[in-house]
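Novice: here is the input, now give the coordinates:
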Amino acid sequence: MKYFQCMKSDIDPKPYLDEIASIDGAWDMATGRQNKIEVQREALAIPLRGLRKSAIGGRQRRDVHESRWTTTSKLYPLACSFLEAFAEEQDSILGRGKIVCLPAGKRVYPHIDRGEYYRVRNRYHFVLHSTAGSWMKAADEEVRMKEGELWWFDNDQMHEAYNDGDQDRIHMIFDMLPRARAEEVFGKAA
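Specialist: Modelled structure (predicted):
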């Protein structure tokens with residue numbers, strides 16, 4: 001496969017699902033993703049890391065490299081620790097990240113993540129819950145990711161997702177910049 005790679009399997013998703021379940025109204029706290037991004041309109045999200053708004057300047061959001069922990073992230077210390085540990089393991093700098101729920105029968109519509117931010121980063125999906133396996137397509141390749149698996153995929157390709165199961169599909173989705181590219185992106189080694 002060119003556009004997908006299973007990086008890890010057999011990661012226990014239960015602690016992260018329990019963390020989400022412990023927060024009343026977790027999926028209702030931030031609705032920007034489904035309200036502002038047309039292709040994501042059927043997905044719910046818990047933002048953990050977002051772009052640093054003070055760094056926008058004259059740039060479009062998709063070209064802003066600087067990111068930060070969200071105020072919501074404090075409610076999810078296990079998820080945040082997972083992201084930090086994996087970034088360190090991969091010798092990478094953590095970018096944006098979120099926990100995303102795609103309800104049964106819903107989809108993420110075909111799109112390409114465009115902009116300078118996405119051009120230099122790797123995109124990952126950690127499958128927390130998916131009874132039917134999470135179907136995803138990038139270019140001409142399709143996969144069915146299973147609970148407890150962590151996947152890299154090429155979001156520079158046209159990609160989409162569909163929850164053909166009968167329960168919510170929950171993923172932790174995040175981006176990482178290889179540390180070797182830090183000087184290229186930020187003008188100094190990070």
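
Novice: helices along the chain, start to end?
Specialist: 14-21, 32-36, 77-89, 116-119, 182-186 (DSSP state H).

Novice: of those helices, which shows the lowest average pLDDT?
Specialist: Of all those, the minimum mean pLDDT falls on helix 32-36 (a mean of 64).

Novice: quick one: closest of the helices of the chain to Gly95.
Specialist: When the helices of the chain are compared by Cβ to Cβ, helix 116-119 sits nearest Gly95, at 7.2 Å. From N, CA and C alone the C-beta is placed, and that goes for glycine too.

Novice: mind listing the strands for the chain?
Specialist: For the chain, strands defined by DSSP state E occupy the ranges 4-8, 44-51, 67-69, 92-102, 107-111, 122-129, 134-138, 141-145, 150-153, 159-162, 169-178.

Novice: average model confidence for the last one?
Specialist: The reference is to strand 169-178. For strand 169-178, the per-residue pLDDT averages 98.

Novice: right, and Phe186 touches His65 too?
Specialist: Yes: the pair Phe186 / His65 is scored as a contact, 6.7 Å apart, by Cβ atoms under 8 Å.

Novice: before we move on, the earlier item: right, and the helices of the chain - which one's nearest Leu128?
Specialist: Checking those against Leu128 by Cβ to Cβ gives helix 14-21 as the closest, at 5.4 Å.

Novice: format the strands of the chain as a markdown table; extra columns: distance to Leu78 and mean neighbour count.
Specialist: Shown next, in a markdown table, are the strands of the chain (distance: least, Cβ to Cβ, whole Å; neighbours: other Cβ atoms under 10 Å):
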| stretch | distance to Leu78 | mean neighbour count |
| --- | --- | --- |
| strand 4-8 | 16 | 15 |
| strand 44-51 | 11 | 21 |
| strand 67-69 | 14 | 17 |
| strand 92-102 | 11 | 22 |
| strand 107-111 | 25 | 16 |
| strand 122-129 | 11 | 23 |
| strand 134-138 | 21 | 21 |
| strand 141-145 | 20 | 17 |
| strand 150-153 | 15 | 20 |
| strand 159-162 | 24 | 19 |
| strand 169-178 | 10 | 22 |
